[in-house]
Structure formats: structure tokens, C-alpha cells
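Participant: Sharing a model that was predicted from the sequence below.
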Amino acid sequence: MTAAPPFPTSPAPVLPTPQTLSIEGLTVAAGHDGAGPVLVRDLTLELRRGRVLALVGASGSGKSMTCMAALGTLPPGTRTLSGRVRLNGAECAPEALRGREVATILQNPRSAFNPVRTMRDHALETLAALGLAGPDSEARIEAAMAEAGLDEPARILPLHAFEMSGGMLQRMMIALALLAEAPFLFADEPTTDLDLVVQARILDLLQRLVAARGLGVLLVTHDMGVVARLADEVAVLDHGRLVECAPVEEVFGAPRHPVTRMLVAAHLALYGLELAP
Amino acid sequence: MTLIRADGVSRTYRSFSLVGAGAARTALAGVSLSVAAGETVALLGRSGCGKSTLARLLCGLERPDRGTVSYRGTPLARLDRAGARRFRREVQMVFQDAPGAVNPRFDIRTIIAEPLRHLTSLDASARARRVDELLEMVELPASLASMLPSQVSGGQLQRVCIARALAPSPALVVLDEAVSNLDLHLQAATLALLKRLQQASGLAYLFVTHDLRLVERFAARTVVMDAGTVVEETPSGALVELRHPASLLLKSAILPPLPARMPVRMAARMPAPAPVA
Ligand SMILES: Nc1ncnc2c1ncn2[C@@H]1O[C@H](COP(=O)(O)OP(=O)(O)OP(=O)(O)O)[C@@H](O)[C@H]1O
Ligand SMILES: Nc1ncnc2c1ncn2[C@@H]1O[C@H](COP(=O)(O)OP(=O)(O)OP(=O)(O)O)[C@@H](O)[C@H]1O
Ligand SMILES: [Mg+2]
Ligand SMILES: [Mg+2]
């Protein structure tokens, strides 16, 4: 969808594709009536094309819920109580974002695949759902797989999820996300199941897509090494609230909130380093 | 004393396809590995090299095509009823794919109590007490007990699976990427918990991981696999001892501690050297 206003009020050029994706005042609660505990509270984030925003926080702090609420894919038993998403300033329905504007990589790759379908079925379905199917489908799929570090498409495409290792599935999910060629990407723990060599390759790839295609990324990760490698800004969640949002250098150099300090300190300890006092 | 041992185990998978038997894939080719009582062995290797396959063979979930797995000196195929029962209680596995390893219709309490029902003689109230104790050990709130797997976060479900594996007081726990979805504070806390249990009861661990930064902190011995075979073993968890090209490749891909645009001294300092004892 092209959301540029018909009469631009500023001299900024009319852009063919959205440049920002913002989540505003998002509140998510448990319970079908939303009367249960609040899981995400009044959260506001802005993604920009060509930038990587990392979303970090303790396990259970609401990172996955935030991604799912913004795309209208909350699991049963949870509800968005308030909030909106804006694409380049214009409010739009979360469902309208999925696939075309925002590609997704989900936490726990295995559960994202239909167990009775092959990898080829999944890839063809992804293209068809976006209206991108055509005579070049097979070539596009193989190119996306190669980019995601899956070098043997002929062997892998006929496989089912149970026939693949955890890291292979994660790369397949990344390949499916690349097929969409969407301007934004939500990546929830995209490299947890990958060995370090593949992880480095995927992070390089994401960095290239950010630079070359202007991909805007919301990167959920528990690994502050991944944050250090890729992020421009970092948002920190604690019990569903945004407690800190700052450029990556600031978060590592002068973390302010206790949760941020705890995460950075635990990370530096892995390298035998300590937080500067 | 050797607790578990694989001798020259091999495993080949044939993929299923509509056009008849697909290509065969050798996941393991003559692998030998043993774990002594009370020991922690780290198992490293590239994605798809056969780590999860080896883990499943050791736990008796799949049979090798060639070679044998022995528990306390007896090949698994020759264990008598009592021996097989003991093996099932004493060897527990935390699977890489947590959502796929739990019954989605059972609540968390039932999931953690499952091995207690099948493998121990605890009555209902003793089982309930044990579940409460386990939840606390893995830092999960008691309120989680009544929730379904779909209602808990990725890291919370991973801790549920760790609690379930620890429930029947095993002698060996195979941890397949078992802390990969935990935030750094929880990773450290979980590894500390596992170490305490080991000191108290002589538990052994096979720690399958892609995160080399965790190995030095946790493992007493390291085994590196590549393409279905063991290529290197070191008698300590020290990464400097790893020399095989496959190991060096993994080491070279360890992520940097800090963002590239930031000098190390700005953020962190090396801790003061420990006083010489
Ligand atoms: N249906 C539900 N009812 C009640 N609570 C729920 C429900 N679904 C999720 N929750 C809770 O919402 C909180 C946030 O979950 P979320 O999956 O967003 O965490 P996360 O930050 O992604 O954590 P992780 O790093 O472990 O993946 C968790 O505490 C979880 O238990
Ligand atoms: N049931 C199966 N059917 C067919 N092939 C399989 C099956 N299970 C595993 N394989 C193949 O065996 C190889 C090893 O897989 P395995 O899951 O053991 O790797 P891994 O070392 O655990 O990788 P990762 O780090 O990505 O989890 C892979 O090439 C995989 O495709
Ligand atoms: Mg999550
Ligand atoms: Mg595996």
C-alpha cells in the first residue's frame, strides 16, 4: 500500500514505499475479554527503513507479544486493548501489514511449519499468497535459500520439517522471509538455532539488506552480541513496559535502567569484561 | 565410571518422496563418545552435523544402524525390564524444539509431572510438591503451573522442559540447545543451577550448544563434530585447546563484545586479576 498523502505538507519527496513503521500506545492483556494480566503496556516504537531496532528484555517481558500484536497474530487468550500501527504516518490494520509490508521470522522455527507439507510447498505457498508466483518461482526460491545459507536446495526442498535439523529450519524460515521482499522485517530470535558460522553469515546478509534494500528491522534477541553486531538502536522491555530506548553505543557504554545494566553486564561477563562504573 | 557410551554409531536417513525412496543422508558415521558419572561434556559442531541425532541415539529414542549405545556397561538392546526402566528414569533429554516436545493440551503442571507419574512411585501430593519445587528452581512463578504451553513465552517453555528433565532425579541430562532462548541472566542462573545439582548429586550432562562462549564456563571436556563424525576432543572446556579447522572456524565466528563503532575501553574494563591463592 502506498500511504503518501496526496498533498505533501513538507517538501519531502513523495515516497513510493513506506519509510517508517510505528507502533503507538500498544497495550496487550491476557484473557478473551482482556481482563487478565497486562502483558504489554502502552508501548511505542518506531522502525525506520535502513535501520535496525533491537528489542531486548528478560524472558517473558513481552517481546514476542509485541511483534504478534503489531501484525494481528496474537495467540488465542490474549487481546490488544489499545494501540495502532502506522505505515509512513498512515494508520493501517495489522493484518494488512503481514507478508507484503512486514516479513517475519518467528521464534521456534519448527512450530512455524506445517508438518505434512514439504519445504517446496511452503515456499510456493508464500509466493502465491503474495501474488508473486510465476515461471521464475523455482529460481527465486533457490536464490533465497542460497542467500539464507542453504546450499543444497534440491535435497532440502522435498523435505518435511521433521527431516531437518533445527538450524536448517531456521534458515528456511529466513529464506521464506526473503522471498516476500517486504520493506520491513520482524525477526524474533532469528539466529538462536544456528551455529556461529551460519549466524555470522545471516547477520552479514541482514546488514547487506538493510544497507542495499533499505530493509527496516525489528530484531528480538537475547544475545547482546547480536545486538552489538547489528543494531542501530536498542529498546529495552521490562514486564511489558519500555524502560530504555537509546543508540546502541549508549546502551553498551552507559546503560541507565537496572534491567539494561543487568543484561549488558551478563553479556560482558561472557568475555571477561565488566561494565564501566 | 562410564555412564553412557556410544561405540561407532552410524545413522542414515532416507527422505520420503512421492517418486519413491529419496536420497539417503548419512547423519552419523561411526561416532564414539562417552560420558562419565558426574561429568559435563560439551558437544559442538556446525548446524546439521549430527548433534541432535547423536543425542537421540544416546537417549534410546532412535536406534543406530550400526554400532551400539551402552548404559552402565550394558548395550541398550540387552537391558532387562528393570534395567530399561532405570535407563528411562536416569537418562533425560531437553529437546532443541521446546514447543514440539510438549503436549499442547496439557497444562505446565501436568507436563512437568509426566515423568514423575511414569517413572517414580511418588503419590499425587508428593508429585505436586516436587513440581512446585522444580518451578522455583528454574525461576518460574507458581502461577505458570496452570497455563498451557501456548500461553507461556519461548524462554519460559524452555525452562519448563528443563524442569521436566530434572523431575525424576536423573543421572544424565542431555541438553540440546537447552538455554538458547533464555536471556543472559537466566542462562547464567540456569547453568549455575545445573552445576549446583551436579555437585550435590553427581549428575552428568551432555551439553549440546552452538554458543562457544558458554562452553568454558560450564563444560569439563569438549567434543567437536563435523559432518557426522567426531573430529576433535579436548580434555578441558578451554577453547584455546581447540585446533581442528572445523573448531577454528567456529571460534573465528564468536561475536564481538561491543558495537564496532565503540572502543572497548569506553564501555568495559577487564576485571582486576584474582588474588593469587
Ligand atoms: N494466554 C496467555 N495468558 C496469560 N499470560 C500469557 C498468555 N500468553 C502469554 N502470556 C505471558 O505473556 C508474557 C510475555 O510473553 P512473550 O512471549 O511476549 O515473552 P518474550 O519477551 O518473548 O519472552 P522470551 O524471551 O522467553 O521468548 C509471558 O510472561 C507469558 O507467560
Ligand atoms: N528424521 C530425519 N529424516 C531425514 N533426515 C534427517 C532426519 N533427522 C535428521 N536428518 C538429517 O541429518 C542431518 C543431521 O541432523 P541433526 O538434527 O542431527 O543436526 P544438528 O547437528 O543437531 O544440527 P542443528 O545444530 O542445526 O540442530 C541433517 O542433514 C538432517 O537433514
Ligand atoms: Mg519470545
Ligand atoms: Mg540439533
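Facilitator: Cool, got the structure. Ligands and ions are numbered 1, 2, ... in the order given.
Participant: Is ligand 2 within reach of stretch B:252-264?
Facilitator: No: using C-beta under 6 Å from any ligand atom, stretch B:252-264 stays clear of ligand 2, with a minimum separation of 13.7 Å. Every C-beta, even on glycine, is put in place using the N, C-alpha and C of the backbone.
Participant: Residues in contact with that stretch: which ones?
Facilitator: Here stretch B:252-264 makes contact (C-beta atoms under 8 Å, 6 or more residues apart in numbering or on different chains) with A:195-197, A:199-200, A:223, A:225-226, A:228-229, A:231, A:248-249, A:252-253, A:267-268, A:270-271, A:273, B:212-213, B:267-268.
Participant: Next step: the residues you listed restricted to helices.
Facilitator: Within the contacts of stretch B:252-264, residues falling in helices by DSSP state H are A:196-197, A:199-200, A:225-226, A:228-229, A:248-249, A:252-253, A:267-268, B:212-213, B:267.
Participant: And the buried ones among the contacts of stretch B:252-264, selectable in ChimeraX?
Facilitator: With 16 or more other C-beta atoms under 10 Å in any protein chain shown as the burial test, the buried ones among these are selected in ChimeraX as follows:
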select /A:195,196,197,199,200,223,225,226,228,229,231,248,249,252,253,267,268,270,271,273 /B:212,213,267,268
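Participant: What's the local residue count around residue 67?
Facilitator: Just so you know, I chose chain A. 23 (other C-beta atoms under 10 Å in any protein chain shown).
Participant: To clarify, I was referring to chain B.
Facilitator: B:G67 has 18 neighbours, counted by other C-beta under 10 Å.
Participant: How about the one 4 residues further on?
Facilitator: Applying the criterion other C-beta under 10 Å, we find 22 residues in the vicinity of B:Y71.
Participant: Check A:L55 too.
Facilitator: Neighbours of A:L55 under the rule other C-beta under 10 Å: 28.
Participant: In which helix or strand does it reside?
Facilitator: strand A:52-57 (DSSP states H and E).
Participant: now that strand, how far from the centre of its chain.
Facilitator: Relative to the mean C-alpha coordinate of its chain, strand A:52-57 is positioned 9 Å out (C-alpha atoms, centre = their mean, to the nearest Å).
Participant: got the angle for the very next helix or strand once past it vs strand A:52-57?
Facilitator: Next helix or strand after strand A:52-57 toward the C-terminus (DSSP H and E): helix A:63-70. Angle, helix A:63-70 to strand A:52-57, by axes from the mean of the first three to the mean of the last three C-alpha atoms, to 10 degrees: 120 degrees.
Participant: Partner strands of the next helix or strand after helix A:63-70 and their direction?
Facilitator: Later in the chain than helix A:63-70, the nearest helix or strand by DSSP H and E is strand A:78-87. Using DSSP bridges, the strands paired with strand A:78-87 are strand A:20-30 (antiparallel), strand A:90-92 (antiparallel).
Participant: Just the CA coordinates for the first one, please, in CSV.
Facilitator: Okay, so that is strand A:20-30. The C-alpha coordinates for strand A:20-30 follow below in CSV (Å, rounded to 0.1, in the frame of the first residue of the first chain):
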residue,chain,number,x,y,z
THR,A,20,8.6,4.3,8.8
LEU,A,21,6.5,1.8,10.6
SER,A,22,5.4,2.8,14.1
ILE,A,23,3.7,1.0,16.9
GLU,A,24,1.9,3.5,19.1
GLY,A,25,0.4,3.1,22.6
LEU,A,26,0.2,-0.7,22.3
THR,A,27,-1.4,-2.4,25.3
VAL,A,28,-1.9,-6.2,25.3
ALA,A,29,-3.7,-8.2,28.0
ALA,A,30,-4.4,-11.8,28.7
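Participant: Give the buried residues for it.
Facilitator: Within strand A:20-30, the residues that count as buried by 16+ other C-beta under 10 Å are A:20-23, A:26-30.
Participant: Quick one: the strands in the stretch 51-200 of chain B, in order.
Facilitator: For the stretch 51-200 of chain B, the strands defined by DSSP state E, counting those that start in this stretch cover B:66-71, B:74-75, B:91-94, B:172-176.
Participant: so how far is the last one off the chain centroid?
Facilitator: Centroid separation for strand B:172-176 versus its chain: 3 Å, with C-alpha atoms, centre = their mean.
Participant: what's the angle between that strand and strand B:66-71?
Facilitator: Between strand B:172-176 and strand B:66-71, the angle comes out at 130 degrees (the same axes, to 10 degrees).
Participant: average model confidence for strand B:172-176?
Facilitator: Mean pLDDT, computed over strand B:172-176, is 97.
Participant: wouldn't B:E241 be in contact with B:T234 here?
Facilitator: Yes: between B:E241 and B:T234 there is a contact under C-beta atoms under 8 Å: 4.2 Å.
Participant: any residues in contact with both of those two?
Facilitator: With contacts defined as C-beta under 8 Å, 6+ apart, the residues shared by B:E241 and B:T234 are B:T222.
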